[in-house]
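Asker: Here's a sequence, model it:
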Amino acid sequence: MREESIPLQRRLLRFCHVFFAIFLLIQFLPDKARGDAHSNYALVFITVMEVLTLLMSVCIKKEQSFNLFVDIIGFVYILLISWTLLTAKWNLLKASFFPPPGVVFEAAIQDRRVILVNIKTSLGIVAQGYLVALVLAIPLGLFLGWSLRLGNAATYISKFLSSIPPVVYIPYGIALLPTFRSVSVMVIFLASFWPALAGTMSGVFHVEKQILDSARSLNLNRVSLLFHIILPASMPQIFIGCNQGLSVSFILLTSAEMIGARSGLGYYVKNFSDLGDYTRIILGVLVIGMVVTVMVFFFNKLQRYLLRWKR
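Answerer: Numbers count the residues shown, from 1 in each chain. The predicted structure is shown next:
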């Protein structure tokens, strides 16, 4: 059944646009913070956001996706309004620890090239460790889950090993591996491997017996049964484990980069924390949050595409 399109009036008349207008109005309040609040950078940023919001309001077709998008934009506007009032306008937060948003956006413009390089470094480390973990964990999980006896034993062993934070292996990684980058890849691998392995085994355990009996009645060999029947049926649980591994990977990546790396988003935050530059600390935290959100978004899109047969 085709979903009805949203009328243009309903698309454009949303509360998020009211919050945008409120942000513009509070710019007329006098600044009480010491130093220049660089409000023009905040105005440029939020204006670009509003233009993109209007464009997306016309492009997004599904009402559920559209409502989610404008709700998120509304929360961002509320955050910017509160941040501006508490810092630049009312000076309720100490400026050295909590700079106004315009100051942070100015730093983002100045450090844009460094930030892009650090994002590239962090994503490269995550891709290496995460993909190697999936390549090893999913086939091993299928093999272990295939045997009930091996699977039960492996479940308890994986729970024990996955309960150990991968960061505790960093001293051994520094001693044994040639570079800090390889140490970071090792941490990502350990963070991703166990959730993916557990999710795969859980998916194999929960394949319906009727599906297996139907497949056996067709005289499928073990390889075809494993990869053509059990693997697709296990995909929902596999994606749950992979999603958990991806989320944990970024958390541990920043921890690993803070210890000994010379590039990456974690290093960016650690470097400026040593210098006491809280403007760039906040900027680094915001960039990490945005990168993780974008990665999870595309991962969920891939998951919905590969599991479209379930809808």
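Asker: going forward, measure contacts and count neighbours with C-alpha atoms only.
Answerer: Noted.
Asker: any idea where the helices of the chain begin and end?
Answerer: 8-12, 15-26, 39-59, 63-84, 101-110, 112-146, 148-162, 170-176, 180-205, 209-217, 222-224, 231-260, 265-275, 278-306 (DSSP state H).
Asker: For my notes, please list those in CSV and give mean neighbour count and distance to Ala33 for each entry.
Answerer: CSV is the format used below for those (neighbours: other CA atoms under 10 Å; distance: least, CA to CA, whole Å):
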stretch, mean neighbour count, distance to Ala33
helix 8-12, 12, 35
helix 15-26, 16, 14
helix 39-59, 15, 12
helix 63-84, 16, 10
helix 101-110, 19, 12
helix 112-146, 19, 26
helix 148-162, 14, 48
helix 170-176, 14, 43
helix 180-205, 26, 40
helix 209-217, 12, 67
helix 222-224, 11, 68
helix 231-260, 21, 32
helix 265-275, 20, 22
helix 278-306, 16, 15
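Asker: Among those, single out whichever gets nearest to Lys32.
Answerer: Closest to Lys32 of the helices of the chain, according to CA to CA: helix 63-84, at 10.9 Å.
Asker: I'd like the average pLDDT over that closest one.
Answerer: In this model, helix 63-84 has an average pLDDT of 91.
Asker: which residues are contacting that helix?
Answerer: With CA atoms under 8 Å, 6 or more residues apart in numbering as the test, helix 63-84 has contacts from 5-6, 14-17, 19-20, 22-23, 46, 53, 57, 60, 100-101.
Asker: Give me the distance from that helix to the chain's centre.
Answerer: When distances are taken as CA atoms, centre = their mean, to the nearest Å, helix 63-84 is centred 18 Å away from the chain's centroid.
Asker: quick check: angle from that helix to helix 15-26?
Answerer: Comparing the axes of helix 63-84 and helix 15-26 via axes from the mean of the first three to the mean of the last three CA atoms, to 10 degrees yields an angle of 20 degrees.
Asker: and the angle from helix 63-84 to helix 101-110?
Answerer: Using the same axes, to 10 degrees, the inter-axis angle of helix 63-84 relative to helix 101-110 is 110 degrees.
Asker: how's this protein carved up into domains?
Answerer: Following automatic domain parsing, one gets these domains for the chain: 8-109, 112-310.
Asker: measure the last one end to end?
Answerer: Okay, so that is domain 112-310. Terminal residues of domain 112-310 are spaced 42 Å apart (CA to CA, to the nearest Å).
Asker: What mean pLDDT does stretch 268-279 get?
Answerer: Stretch 268-279 carries an average pLDDT of 92.
Asker: which other residues reach that stretch?
Answerer: For stretch 268-279, contacts defined as CA under 8 Å, 6+ apart pick out 96-99, 103-104, 107, 118, 258, 280-281, 284-285.
Asker: Any idea which of the helices of the chain has the lowest pLDDT on average?
Answerer: Among these, helix 8-12 scores lowest, at a mean of 67.
Asker: Which one of the contacts of helix 63-84 is nearest to Phe239?
Answerer: The closest of the contacts of helix 63-84 to Phe239 turns out to be Ile60 (CA to CA; 26.1 Å).
Asker: hmm, back to that, among the contacts of helix 63-84, which one sits closest to Glu208?
Answerer: Closest approach to Glu208 among the contacts of helix 63-84 (CA to CA): Ile60, at 37.5 Å.
Asker: wait, what's in contact with that closest one?
Answerer: Residues near Ile60 by CA under 8 Å, 6+ apart: Phe66.
Asker: picking up where we left off before, same list (the contacts of stretch 268-279) but as TSV, adding distance to Leu252.
Answerer: Shown next, in TSV, are the contacts of stretch 268-279 (distance: CA to CA, whole Å):
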residue	distance to Leu252
Ser96	28
Phe97	25
Phe98	25
Pro99	27
Val103	29
Val104	25
Ala107	26
Asn118	16
Met258	10
Arg280	20
Ile281	17
Gly284	15
Val285	14
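Asker: with those in mind, which one is nearest to Ala88?
Answerer: Taking CA to CA as the measure, Pro99 is the one of the contacts of stretch 268-279 closest to Ala88, at 7.9 Å.
Asker: Setting aside sequence neighbours, what's the nearest residue to the closest one?
Answerer: Spatial nearest neighbour of Pro99, excluding adjacent residues (CA to CA, 6 or more residues apart in numbering): Thr279 at 6.1 Å.
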